[in-house]
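**Student:** Here is the input, now give the coordinates:
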Amino acid sequence: MKQTQSGNHLTVDLEQKGNVLVLNLAGDFHQFEAAPKAHEIIHKIRQVHPQKLIVQDNGIGSWDSSLLALLYQLLQALQPTNITVETDALPQELSHLLTLAFSVDRHPKRPSVKDFGFLGNIGNACLNLYQPIRQGVSFLKQVGFSLGRWAQGKAIMRPVDFWFALQDCGPNALGIVALISFMVGLILAFVGAIQLKSFGAQIYVASLVAIGMTRIMGAIMVGIIMAGRTGASYAATIGTMQVNEELDALQTMGIPRSDFLVLPRVLALSLTMPLLTLLADVMGMIGGGVVGIFMLDISPSEYWKYSMDAFDITNFLVGVFHGLVFGIIIALCGCYYGVFCGRSADSVGRATTQAVVSAIVWMIVMTGLITWGCEALDI
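**Tutor:** A predicted model of the protein is given here:
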């Protein structure tokens, strides 16, 4: 019996010699779509059901991986049968690739997870926490040394990097900070007016907004805005440099990353956050004034008087101090997750998310600590 299929200059001959079936391959083979389909050949082989199948070279010209894929499918389909397959007559390179393809375990066993018990799992969790804590402490030490070198005038920091960071987190952020703070002051006044108006004390809306914005609300809103805007930008920028191996280049040249990348960003954000907090306080009081003047029929002079009566320099300084602390936290979180970003495709996205979340969490923690300290000091 002799059956022939051809496609793309390749010929496949099935020749039966007793209980032996010979598969002759000849011609050029470059396109799998134009080649004889493996299942058609398998079907014909099973119809004959020989004891032995010999696959041999009968004049194979040029070929690519498509021929290897065809033979792999053919041999894989015949493995469950009792048909002996012989491929010694194929070209040496093709025979070697087939052997290599079948030597790979495509169903590896899952590694067994050893259960160490309740106390053992707690110990492993503590050990897993040790590395990031150690890494974070080391990063803070490097930043501290960089600040010391900067104070001595020895830090490797380009002035252009500082001015660029200052422009990005200062003038470029004025619009969004002013708008959000105005809306927060407006909402704060509107919510307070609902309660104060019920017993005729709506005039104290001015005091409520002035105290709330200057004490804490202005700093918190600026912190959240800058964490999502600038902190994420820091993490994405430095993280991309990590993926592109630019941080490795800095290390190779002996340039401290904390000096060159972290220091200008920390200084810029620490300088601008108190000023942005001051802007937020003013815009929040203006937003409260819109509600008080146009909805509660409070005269502008009365609103100004009660705002100034409620304004306290201590509350103002506490709010500015919050802004300074938040600026340091945002810059450190953004730079930390950027420096220790991975090298995979989605590492930059994860680093950006972690920077924003960590900055907000640490701002809340520091707000609690500062509030506790102010209460303890009767501030």
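**Student:** buried sites along the lengthiest helix in the chain?
**Tutor:** Counting by DSSP state H, the longest helix found in the chain is helix 117-151. Residues Phe139, Gln142, Val143, Ser146, Leu147, Arg149, Trp150 are the ones in helix 117-151 that count as buried (16 or more other CB atoms under 10 Å). No exception for glycine: its C-beta is placed from N, CA and C like everyone else's.
**Student:** For the host helix or strand of Leu276, name the packing helices and strands.
**Tutor:** In this structure, Leu276 is located in helix 263-294 according to DSSP states H and E. For helix 263-294, the elements it packs on are helix 117-151, helix 159-169, helix 174-196, helix 205-212, helix 218-226, helix 300-310, helix 313-339, judged by 3 or more CB pairs under 8 Å, 6 or more residues apart in numbering; DSSP states H and E.
**Student:** got the angle for that helix vs helix 159-169?
**Tutor:** Relative orientation of helix 263-294 versus helix 159-169 (axes from the mean of the first three to the mean of the last three CA atoms, to 10 degrees): 20 degrees.
**Student:** what mean pLDDT does helix 263-294 have?
**Tutor:** The average pLDDT within helix 263-294 is 91.
**Student:** which outside residues touch stretch 256-264?
**Tutor:** Contact partners of stretch 256-264, identified using CB atoms under 8 Å, 6 or more residues apart in numbering, comprise 139, 142-143, 145-147, 149-150, 155-158, 161-162, 164-165, 238, 241, 247, 250-251, 331-332, 335, 338-339.
**Student:** roughly how far is it from the heart of the chain?
**Tutor:** Its chain's C-alpha centre and that of stretch 256-264 lie 21 Å apart, by CA atoms, centre = their mean, to the nearest Å.
**Student:** Most remote residue from the middle of this structure, which is it?
**Tutor:** Residue farthest from the centre of the chain, counting by CA atoms, centre = their mean, is Gly18 at 65.2 Å.
**Student:** Give me the distance between that one and Gln47.
**Tutor:** Note on Gly18: its distance to Gln47, by CB to CB, to the nearest Å, is 16 Å.
**Student:** thinking again about what came up before, return the backbone torsion pair for the residue farthest from the centre of the chain.
**Tutor:** phi 70, psi -120 (degrees, to the nearest 10).
**Student:** how near is it to Gln51?
**Tutor:** For Gly18, the distance to Gln51 (CB to CB) stands at 9 Å.
**Student:** got it, and Ala210?
**Tutor:** 98 Å.
**Student:** So these two - more neighbours on which side?
**Tutor:** Per other CB atoms under 10 Å, whichever of Ala210 and Gln51 has more neighbours is Ala210, with 25 against 11.
**Student:** Run a quick check on that one versus Ser307, I expect a contact.
**Tutor:** Yes: Ala210 lies in contact with Ser307 (CB atoms under 8 Å); the separation is 4.5 Å.
**Student:** Now for these two: what residues contact both?
**Tutor:** Met285.
**Student:** check contacts around Val20.
**Tutor:** Pro50, Gln51, Lys52, Leu53, Ile54.
**Student:** Of the residues you listed, which belong to strands?
**Tutor:** Lys52, Leu53, Ile54 (DSSP state E).
**Student:** Write the ChimeraX selection for whichever of those are buried.
**Tutor:** Listed next is the ChimeraX selection for buried residues among the ones in strands among the contacts of Val20, using 16+ other CB under 10 Å:
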select :53,54
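**Student:** so who does Met241 touch?
**Tutor:** Here Met241 is in contact with Leu247, Leu261, Gly338 (criterion: CB under 8 Å, 6+ apart).
**Student:** Quickly note the distance from it to Leu261.
**Tutor:** 8 Å.
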